[in-house]
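structure here, sequence nowhere to be found:
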């Protein structure tokens, strides 16, 4: 079959750009290619050429093949990706004629049997229709909530689960964003800088210049001296022309007292901000009552009927639901996702749950010597046992819950916290490291790394007792759960989104109420005071689904078979 996989991020970047979805798309493309299919990657929405104020025409360009996969990119798409950049203009994701004309022409040229949409960010609903008009079977995988939530996470103000969009009116005031034109201008500037950096380096340019002078023969020495003298003269002139200003301001004179002189902006001198924080200390977080700290339950409730007319965000959502209902098959990556989209109007006969696969098993097999069981816990009292080796890995942003995990740990008594050997591998973790460093004297040990490579996972997880997945949103199907399990590490996970599809409480892992810091702390204490449970949980951990097995399942879906529900 000729299969087009559509996403917004470049396939060769994998999870380093686009997160777990792009890592999955990359692995799936390679697995399908290995099975003999003609696989094509189409992405767009991130490359924009100058001028910034009047974008040049949208077009599709072909890149060199990547590991046997044909690669095409939409340049100058009127729909930006990722979707947060497009937030202020939601209707462009419904209809973008110039983009749809190019995408439709592309589908007519390549004539795919299947177009599998993994994201519609950077594209529009009309592009999905053009795939159908080209005769392709259309599959849409719901890896996130972008189709019903233009900021993807279905979290009002980034903090509270959204259970009622009020016809899109809450979307309009949900988060602060910038105009699409500003984002486009930044992307143009970024592309210009990237293009410039891919040219000759300054050192190479200087070497080329010197070589050209040497080509002048006897003139070279005089020329070289002349160039050096010219440079020195210009530097000296620049110093004399712009004298270095002294600090501060001149006195007003005349013996009068100087008037107050407050800083023009935020005062960032020395320890000013720390002093202000101490003087204006905020009360501790109200974990029991503040809305952003309320537990998140994995319950799907239909949104209330809205009597207000739909705004652009409401019309966008309605159009997205219609688009999904027009697909040949919609694949939910977990049971919660299926139930959620059904509650919003996706037809049950169209949508099915199909758990994705992962390439982590292959990596674990390749590095099997790095994956070893820790020493088992014994019948001794818990405070005489070795420390429990707990690990977090993933991105440091609010939704993945690293901050929430730190707050839960800080609730533990010193006698419990001292039984934890904690490893944190947090991509972009610099901004939160201080929270863990403050606990370091109370922990048995702390390892904190601000990043890791996918290939490092077996090395990171060898000999660990428990992996923590503390997501604070309805996380569709986090890859970290699969990665822990592939390395035989049981998971303590939030009971949100797709996590309970894979982590069964008391069997192969433990669950706690989502966004409930006290419950997470309670479950940690249970493990600390009864560490032998980890021996039993580890024995029941099973490998996740291979990406190759998943590719075979998708072949059936592509061919028209009904995807089976596999919770």
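Yep, it's here. Values in this document were obtained by computation on a predicted structure and should not be read as measured data. Numbering: from 1, shown residues only.

is it true that residue 332 touches residue 348?
No - contact criterion C-beta atoms under 8 Å: residue 332 and residue 348 do not qualify, at 11.0 Å. Quick note: C-beta positions are derived from backbone N, CA and C, even for glycine.

between the two, who's got more neighbours?
residue 332 (27 against 9; other C-beta atoms under 10 Å).

OK, contacts around the more buried one?
Listed by C-beta atoms under 8 Å, 6 or more residues apart in numbering, the contact set of residue 332 reads 142, 338, 341, 351-354.

residue 132 now?
Counting by C-beta under 8 Å, 6+ apart, residue 132 touches 138, 326.

next, it: phi, psi?
The phi and psi values for residue 132, taken as degrees, to the nearest 10, are phi -70, psi -40.

what does residue 3 give?
For residue 3, the backbone dihedrals (degrees, to the nearest 10) come out as phi -120, psi 130.

burial of it, as a residue count?
By other C-beta under 10 Å, neighbour count at residue 3 equals 25.

just the pLDDT at the closest residue to it other than its chain neighbours, thanks.
Nearest non-adjacent residue to residue 3, counting by C-beta to C-beta, 6 or more residues apart in numbering: residue 114, 4.8 Å away. As predicted, residue 114 sits at a pLDDT of 98.

check the gap between residue 114 and residue 38 for me.
Taking C-beta to C-beta, to the nearest Å as the measure, residue 114 falls 10 Å from residue 38.

between those two, which is the more surrounded one?
A direct count of neighbours by other C-beta under 10 Å for residue 114 and residue 38 places residue 114 higher, at 22 against 16.

let me see the contact set for that one.
Residue 114 touches 1-4, 136-139, 558, counting by C-beta under 8 Å, 6+ apart.

take those and keep only those in strands.
2-4, 137-139 (DSSP state E).

name the nearest of those relative to residue 294.
Distance ranking of the ones in strands among the contacts of residue 114 against residue 294, using C-beta to C-beta, places residue 139 first at 36.3 Å.

residues touching the closest residue to that closest one other than its chain neighbours, list them.
Counting by C-beta to C-beta, 6+ apart, the nearest residue to residue 139 once its immediate chain neighbours are dropped is residue 116, at 4.5 Å. Counting by C-beta under 8 Å, 6+ apart, residue 116 makes contact with 3-6, 139-141, 554, 558.

just residue 20 next, same as before
With C-beta under 8 Å, 6+ apart, residue 20 has these contacts: 143, 478-479.

a helix runs through it, doesn't it?
Yes - Residue 20 sits within a helix when classified using DSSP: H, G, I helix; E, B strand; the rest coil.

okay, it: pLDDT?
pLDDT, residue 20: 89.

likewise residue 285?
85.

what's the separation between it and residue 517?
In this view, residue 285 and residue 517 are 9 Å apart by C-beta to C-beta.

is it true that residue 40 touches residue 112?
Yes - shown here, residue 40 and residue 112 form a contact pair, counting by C-beta under 8 Å, at 6.8 Å.

which outside residues touch stretch 90-102?
Contacts for stretch 90-102 (C-beta under 8 Å, 6+ apart): 57-60, 74, 77-79, 83, 86, 120, 123-127, 129-130, 150, 168, 171, 180, 312-313, 315-316, 319-320.
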